[in-house]
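> Sequence plus predicted model, see below.
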Amino acid sequence: MKPEERQKRFVADVRSCDALIYRVCRLYGNRHDESVDDIYQEIVCALWESYDTFHGESNFSTWAYSVARNTAVAYYRRHILRQPTLDFTDLELSFKELTETTDPLVDELYHLLDHLGATDRLLVGLYLDGYNYVEIGKKMHLNEQAVRTRFCRIKARLKEIKDTLK
Amino acid sequence: MKDEEFDLEMYRKAWQAEGERLLKASPILKEEQILDIIRQHDARRSRVVKLWKPRIVGIAATVLLLIGVAWMLQRFGEQPTAIPHNTANTVGTTTLPYVEEAPQTSVVEPSRLSAAVSLPSKWNRVLAEAKNSNEADHIVSIVPVESSPVFLTDSVSGFSEASLPTQFSHARQPEVKEKDYKAIRGSDNPQEIGKSGTWKNHSNKAKQGGNAQYVRGGNYLKGVPSIGLIGGLGFSSSDSLQKAVGLRVVLESESASKVCANTQASLMLTGKERLNRVCVDVGYGLTYRPVDNLSLRINMGIYMQSNNFDLGGRLNAEADCQITDQFMLGIGYRYSTAGIISSDSRHMPFISLEYVFD
């Protein structure tokens, strides 16, 4: 495939699921700063770098979502360690137009997650994506019991936040 | 109690439904925005590759150089009297342990041995076996060594010489004369003695008739020194032409063969317009003399440069011709790898004039 053709195809693929990618950015980034844009750019770069490894065995959106989540988690970890992120010039992404979702429950969830710490947000993110406690434990290098305990505390904390916001 | 718990499952269902909806949603970003991200990424990556590739090559080359130098030191820097290290020393059927520390000298005559040192049964057995095989006459000293009570420090012909530990030779070295080497080695011919023998035969000596003389206790750092001027023009891909001029000291080891080791250290001033950088390098290499008046040298080492304390590896290859008894004129090529700070390597053809102290 010619480079121009490859580029064109990649752009079309990314555009087909950019709302989904944005959701990952929104989940792991902070809507009050530019981290959402930064994560989005990092995800697009990661997808572009590994685009050759995508052979169409699954939907592009499934593959892209998986790469996006891993990239976002990596970004978050770097952010915790206070390492510098990629230095992009301001690309004026259009995410500001997408500040609200159609489902009020999801909106509320975003507001609640904004008050959680980094690790807790990662755990909840994985749970929302459909992973069970055992799978989350494997991804986070925790045993199942530890994950259960963490979720107990997270739920208590979310409840507390929700009550406060009311 | 259960009802009061935060219902995360409810949010999960909403989240996944939202995901389904987003899959069908129209794109948010324009094509050009995604292309911009890709272009910036590619540009950044090429910058990083351009910046780090030569550095990585430089660091790898430096590591290889150091390994090469270490190997050459081991291979050509061996002392003639050195006997290979061994972890065990075989005497008859008994194995003596290798002793790390040099033994404290406590020479005891064999006849008074039992009275002087209290030997454990194992060592008594070794001694008894040695006596039975008429080898006790050659045992001149027995040295107590910390946990191992004795160590047999000398034997002229009774033990397997190649398997004796190094301190055997250290303990004996001051007392042994030339003829003893013949007795030990079985020959005074350097070719037969092998690579560890060092013979003095510099080119000037060779011209006088090749009066090869065995140098006992010779060392790879002992040899024929020369000092010279070196100058050249350097160029690299990222920089314009640079001048370089300096002073160099070379030490060539004494060797009967056409190949010997050389050690070089040089101090050079370099710069594009003014000679404002100081570059120091040291290295170790080989000299090959196909004919009396010609030396071909290869030398690997490391260099340090004054601007931001740059450090890298360098390789010299040169041909030197002996124009008079004391002077050598040479041309060569110097390659310095990318340093820690600088990202470019440098090539420099050079000429040299050396005064040989011999």
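On my side now, so go ahead. Numbering: from 1, shown residues only, chains lettered A, B, ... in the order given.
> what residues go with each domain of the chain?
Answering for chain A, as no chain was given. A:1-99, A:100-166 (automatic domain parsing).
> wrong one, chain B
B:88-193, B:223-356.
> and the ones you listed, which one's lowest on average pLDDT?
With a mean of 47, domain B:88-193 has the lowest mean pLDDT of the domains of chain B.
> what are the ranges of the helices in the chain?
You didn't say which chain, so I picked chain A. A:3-16, A:18-28, A:35-49, A:60-80, A:104-113, A:118-128, A:133-140, A:144-165 (DSSP state H).
> could you do chain B instead?
B:8-24, B:31-76, B:113-116, B:121-132, B:166-172, B:178-185, B:190-193, B:203-207.
> could you check the distance from the residue lying closest to residue A:120 once chain neighbours are set aside over to residue B:13?
Counting by C-beta to C-beta, 6 or more residues apart in numbering or on different chains, residue A:120 lies nearest to residue A:154, which is 5.1 Å off, once chain neighbours are set aside. All C-beta atoms are positioned from the backbone trio N, CA, C, and that covers glycine. Distance, residue A:154 to residue B:13, by C-beta to C-beta, to the nearest Å: 18 Å.
> residues from chain B in reach of chain A?
Neighbours of chain A within chain B, by C-beta under 8 Å from any C-beta of the partner chain: B:4-6, B:8, B:10-12, B:14-19, B:21-23, B:25, B:27-31, B:33-38, B:40-41, B:44.
> Which residue does the stretch 51-200 of chain B have closest to chain A?
residue B:51 (14.3 Å; C-beta to the nearest C-beta).
> coming back round to it: could you dump the domains of chain A into CSV with mean neighbour count and mean pLDDT added?
CSV is the format used below for the domains of chain A (neighbours: other C-beta atoms under 10 Å in any protein chain shown; pLDDT from 0 to 100):
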stretch, mean neighbour count, mean pLDDT
domain A:1-99, 17, 78
domain A:100-166, 16, 86
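> can you redo those domains as a markdown table with distance to residue B:223?
Shown next, in a markdown table, are these (distance: least, C-beta to C-beta, whole Å):
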| stretch | distance to residue B:223 |
| --- | --- |
| domain A:1-99 | 52 |
| domain A:100-166 | 59 |
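> Quick test: name the residue nearest the centre of chain A.
residue A:24 (2.6 Å; C-alpha atoms, centre = their mean).
> can I assume it is in contact with residue A:65?
Yes - with contact defined as C-beta atoms under 8 Å, residue A:24 reaches residue A:65; the gap is 6.9 Å.
> what's the spacing between the residue nearest to the centre of chain A and residue A:3?
Residue A:24 is 27 Å from residue A:3, by C-beta to C-beta.
> repeat for residue A:102
Relative to residue A:3, and taking C-beta to C-beta, residue A:102 is found at 38 Å.
> swap in residue B:278?
In terms of C-beta to C-beta, residue B:278 sits 47 Å off from residue A:3.
> Dihedrals phi and psi, the residue sitting furthest away from the middle of chain A?
Distance from the C-alpha centroid of chain A peaks at residue A:2, with 31.1 Å (C-alpha atoms, centre = their mean). Dihedral angles of residue A:2 (phi, psi; degrees, to the nearest 10) stand at phi -70, psi 150.
> for chain B, which strand is longest?
Taking DSSP state E as the criterion, chain B has its longest strand at strand B:277-291.
> Flag every buried residue along that strand.
B:277, B:279, B:281-287, B:289 (16 or more other C-beta atoms under 10 Å in any protein chain shown).
> Residues contacting it, please?
With C-beta atoms under 8 Å, 6 or more residues apart in numbering or on different chains as the test, strand B:277-291 has contacts from B:65, B:69, B:72-73, B:76, B:203, B:244, B:246, B:252, B:258-271, B:295-307, B:314, B:316.
> Neighbouring strands - and their directions - for that strand?
Looking at strand B:277-291 with DSSP bridges, its partner strands are strand B:259-271 (antiparallel), strand B:294-305 (antiparallel).
> Looking at those, spot the one closest to residue A:69.
strand B:294-305 (46.3 Å; C-beta to C-beta).
> how close does the closest residue to residue B:241 other than its chain neighbours sit to chain A?
Spatial nearest neighbour of residue B:241, excluding adjacent residues (C-beta to C-beta, 6+ apart): residue B:235 at 5.3 Å. Distance of residue B:235 to chain A, given as C-beta to the nearest C-beta, to the nearest Å: 33 Å.
> Could you give the bridge partners of residue B:235?
Residue B:235 has these beta-bridge partners by DSSP bridges: residue B:347.
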